[in-house]
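*Asks:* predicted structure and sequence below. I'll ask about it afterward.
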Amino acid sequence: MSNIYAALEIGTTRTVLAIGEGETGGRLQVTCHAEISSAGVRKSQILDINQVTQSVKGVLHEIERKQSAAGSSITIGNAFLVVSGQHIKADPFTGSALVDGRVTEADLADVAESSRTMTLPKDRELLDIADQAYSLDSLGGISTPVGMAGRILKLDTLHIHADKNRIEDAKTAADGAHLEIREPLFATTCAADAVLEEHERRNGALVLDLGGGSTGYAAYCDGYLVSAGVIGVGGDHVTNDIAHAFQTTQGQAELLKTKEASALLGKAEAASARVKVPGSSPLMESRTVSRRALDTVVNARLRELFAVLRETLEEQDLLHRMHAGVVLTGGGAAMRDIDELVRRELGMHVRMGRPIYVDGLDDEDHPAAFAAIAGALAYAHNNYAEKSIFGFGLLKGLFK
Amino acid sequence: MSDTISSMLLIGIGGAGCAMARNITHAFGENLRYVLTDTDAKTGEYDGPFVLIGGDRLSGRGSGGDVVAARLAAEDSVQALDDSLEGIRLAIIVTSLGGGTGGGATLETIKHLSERGIPSCVFATTPFAFEGETRQRNARGMMTLIEEAASACFFIPLDKVVGDPESDMPTAMRRAVETVASGVTLFWRLVEKPGYIRLDAERVRHLVAGAGRGRFAHVSAHGEGRAAKIVDDIRRSSILLAGSGPVTSILCGVLAGDDLRLSEIGTISDGIRETFGDKASFELATVNDDLTFSGRISVIVMLFESTHQETEEPKGSEQARRRRKQRAILSAGPTGRGRFNNSEPTIWNGEDLDTPTFLRKNISLEF
């Protein structure tokens, strides 16, 4: 049976909508996706619901247009929502259960239930609970405790939660475009689910989701998600710094960032090169600035971001456990030489993320930018495929 | 029509924008070259050159107030304007924000003009308060984008223009159109009927390009002491005094008949510069039209707050570097957070990460 899902990502710089289709138990295929520039979002948070609604309408238009061109017609009624922003936090919580002699399946159910009793403040909304390892009395790091002897069984978890109002804003914006939000999902863990190999999770890997308004991170060790969070600095900050340094508009600064700048300093070809800053109107003369000055602005911002990240991970004693290295996802991963900068700043092997559990995105120039939305579709497929007669009931209309 | 006048084009965009443009051209006469464009085919049923945009996407039914649909429609077919742009050196756009086409298609049109090397000056009305928050939000959202894309722009709040809420609708709308028309036609009047102090079309084009966001007012007076009265009215103009930043350039048009005296020009010029700062670049030109303005003086003052202008610094000097850095700090605003001013701050070890890193770390830039 074929199941169909939609996922929506309202980012700071772009709004993306994707449709995935897959047989129950089979791989998921992204059949159509569209993106348009976002408006009304700053630092991954909605500042103008009406503008965001317009953006959502825009991607719906585009999807419909693409489907129509392909000879099909659908009306998307609801979608999974990919969220980011520094309001997202992750807190550990441990559930426990008393064991009568040896651990049974019932004990596992009890400890799982206990681990979900963490009380969140009223203004927080739970996005995900990631199970980690079990411990039995003083013995930790157990993956399958059934049959083992002991008295107290514990399960460590990581609760990922978000500001309820921020989620509501996104739902309201989508609702304005007649799109119902099924479930909010954390962008970075979605991206990780899309790009990480199993051996990377086991050996320790850090996924860095470089977004326009914020940077998400998710650290995996021994197969478990052990830490996650969001730093409220993203590609927009780089653009903003360039705009201030060279007195240009944000649009021109964005062009300088994406077309000219390097994350690294001191490249031989950059030493004496100059970069053209176009005039802000047809009659304003263009001028040139030192490529070194441009790279200095970009490098300073990115090095600071990775220093914050490094400190965050060191505080949790995680940095030295990331043996498989760093995987970069998000639109910011397209920045020139950013992989080399991460390698130098964090001292780890770095690779670009590419969705490996979802098909249909291979032709993208920069598949890392679609990791989060691919992960959201994969999540939907893995968790809901067998629970709905019509896939997930995501589509109001039928295929023609 | 002279070549210089025909190098300027009036573009009406959207239903309301086209209606305003049509009124302006009827009032000004045949010397004003114009084109109307809309997503609604009905707009083209009246007289005048008309370009339907988004015909394939919207089938000529209009955007239904949907800014995104209008933007996509304009993206599809803005090239349809190209025939009208032959020989054009400056475009004056008239539109109304709050609905779909006025906002969405205007932005794409400005971008298209820019790609063709044609600077654009936008006159856009913003909705009455009673039109509701949705239209107000639509308008606010587009204002930011238009301000960034256009060479110069004027946003004209209809509530302020109409003033008296007890006005009947025809009177209110006539006043709104007259206000927009006074600003729009200044460019043509300056070129078509130059007085003793003249600006040609190329100079007008140069003034508009990069002028930034502006505001304007139109005042008239007659009789004894008319120049002083005009200065007094300008000094009390709530619209002119309502700027958000320092005035970087001023364009003043003095429209009068043969009886205009040199001393009156001096009074008006001095009064404006004293009021709005003598550091702003100042351009004054006269229009001589005895048939229309005999016995009275009309003055149109345009104030611009450019964020785009840049002057060349001597390269490499320490002084230049300091000056650039100081300017960067100033442009980041009093808190240095720039575009993140209204966002939740990102604080790390006591530092506000929204402020540019190179400023906080005191990193010198070799420009």
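*Replies:* Done, it's in.
*Asks:* now the longest helix along chain A: buried residues?
*Replies:* Longest helix of chain A, by residue count under DSSP state H: helix A:291-315. By neighbour count on 16 or more other C-beta atoms under 10 Å in any protein chain shown, the buried set for helix A:291-315 is A:291-306, A:308-309, A:312-313. Bear in mind the C-beta positions are built from the backbone N, C-alpha and C, glycine included.
*Asks:* same thing with stretch A:340-348?
*Replies:* A:341, A:342, A:345, A:346, A:348.
*Asks:* and what of stretch B:175-185?
*Replies:* Buried residues in stretch B:175-185 (16+ other C-beta under 10 Å): B:175, B:176, B:177, B:179, B:180, B:181, B:182, B:183, B:184, B:185.
*Asks:* what is the nearest of those to residue A:372?
*Replies:* Proximity of these to residue A:372 (C-beta to C-beta) peaks at residue B:180, which lies at 45.7 Å.
*Asks:* what parts of the stretch 151-300 of chain B come near chain A?
*Replies:* B:151, B:205, B:206, B:209, B:210 (C-beta under 8 Å from any C-beta of the partner chain).
*Asks:* so which of those wins on neighbours?
*Replies:* residue B:151 (28 neighbours; other C-beta atoms under 10 Å in any protein chain shown).
*Asks:* any idea how far residue A:303 is from that residue?
*Replies:* 37 Å (C-beta to C-beta, to the nearest Å).
*Asks:* got it, and residue A:364?
*Replies:* 28 Å.
*Asks:* closest to the centroid, which residue in chain B?
*Replies:* residue B:153 (2.4 Å; C-alpha atoms, centre = their mean).
*Asks:* check contacts around the residue nearest to that residue when sequence neighbours are not counted.
*Replies:* Counting by C-beta to C-beta, 6 or more residues apart in numbering or on different chains, residue B:122 is the residue found nearest to residue B:153 once chain neighbours are left out, at 4.2 Å. Counting by C-beta atoms under 8 Å, 6 or more residues apart in numbering or on different chains, residue B:122 makes contact with B:93, B:95, B:106, B:110, B:146, B:150, B:152, B:153, B:154.
*Asks:* secondary structure for the residues you listed - can I get that in JSON lines?
*Replies:* Shown next, in JSON lines, are those (DSSP: H, G, I helix; E, B strand; the rest coil):
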{"residue": "B:93", "secondary structure": "strand"}
{"residue": "B:95", "secondary structure": "strand"}
{"residue": "B:106", "secondary structure": "helix"}
{"residue": "B:110", "secondary structure": "helix"}
{"residue": "B:146", "secondary structure": "helix"}
{"residue": "B:150", "secondary structure": "coil"}
{"residue": "B:152", "secondary structure": "strand"}
{"residue": "B:153", "secondary structure": "strand"}
{"residue": "B:154", "secondary structure": "strand"}
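*Asks:* closest to residue B:74 out of these?
*Replies:* For those, the nearest to residue B:74 is residue B:106 (8.2 Å; C-beta to C-beta).
*Asks:* does residue A:210 have beta-bridge partners, and which?
*Replies:* residue A:215 (DSSP bridges).
*Asks:* which residues touch residue A:49?
*Replies:* Residue A:49 neighbours (C-beta under 8 Å, 6+ apart): A:40, A:169, A:172, A:173, A:176.
*Asks:* if we use 6 Å, what do you get?
*Replies:* Counting by C-beta atoms under 6 Å, 6 or more residues apart in numbering or on different chains, residue A:49 makes contact with A:169, A:172, A:173.
*Asks:* excluding chain neighbours, what is closest to residue A:136?
*Replies:* Closest to residue A:136 by C-beta to C-beta, 6+ apart is residue A:150, at 3.8 Å.
*Asks:* so the one you found sits in a strand?
*Replies:* Yes: assigned with three-state DSSP, residue A:150 falls within a strand.
*Asks:* any idea of the pLDDT on it?
*Replies:* With respect to pLDDT, residue A:150 has a value of 93.
*Asks:* and it, how many residues sit next to it?
*Replies:* 20.
*Asks:* repeat that for the one 10 residues further on.
*Replies:* As a burial measure, the neighbour count of residue A:160 was computed by other C-beta under 10 Å and equals 22.
*Asks:* that one falls within a strand, correct?
*Replies:* Yes: counting by three-state DSSP, residue A:160 falls inside a strand.
*Asks:* coming back round to it: just the buried subset of the contacts of residue B:122, please.
*Replies:* B:93, B:95, B:106, B:110, B:146, B:150, B:152, B:153, B:154.
*Asks:* would you list these in a markdown table and tack on pLDDT?
*Replies:* Shown next, in a markdown table, are the buried ones among the contacts of residue B:122 (pLDDT from 0 to 100):
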| residue | pLDDT |
| --- | --- |
| B:93 | 95 |
| B:95 | 95 |
| B:106 | 91 |
| B:110 | 90 |
| B:146 | 85 |
| B:150 | 88 |
| B:152 | 91 |
| B:153 | 92 |
| B:154 | 92 |
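*Asks:* now, which of the residues you listed sits nearest residue B:55?
*Replies:* residue B:106 (18.0 Å).
*Asks:* ok, that closest one touching residue B:14?
*Replies:* No: here residue B:106 lies out of contact with residue B:14, judged by C-beta atoms under 6 Å, at a distance of 7.4 Å.
*Asks:* anything in contact with each of those two?
*Replies:* With C-beta under 6 Å, 6+ apart as the test, residue B:106 and residue B:14 both reach residue B:95.
*Asks:* can you tell me the closest non-neighbouring residue to the residue with the largest distance to the centre of chain A?
*Replies:* Within chain A, the residue lying farthest from the chain centre (C-alpha atoms, centre = their mean) is residue A:101, at 42.6 Å. Closest residue in space to residue A:101, ignoring its immediate chain neighbours: residue A:149 at 6.6 Å, by C-beta to C-beta, 6+ apart.
*Asks:* and residue B:108, by the same measure?
*Replies:* residue B:74 (3.5 Å).
*Asks:* contact partners of the host helix or strand of the one you found?
*Replies:* Following DSSP states H and E, one finds residue B:74 within helix B:67-77. With contact meaning C-beta under 6 Å, 6+ apart, helix B:67-77 is reached by A:54, A:57-58, B:39, B:53-54, B:57-58, B:63, B:100-101, B:103-105, B:108, B:138.
*Asks:* among the residues you listed, which lie within helices?
*Replies:* Using DSSP H, the contacts of helix B:67-77 in helices are A:54, A:57, A:58, B:57, B:58, B:101, B:103, B:104, B:105, B:108, B:138.
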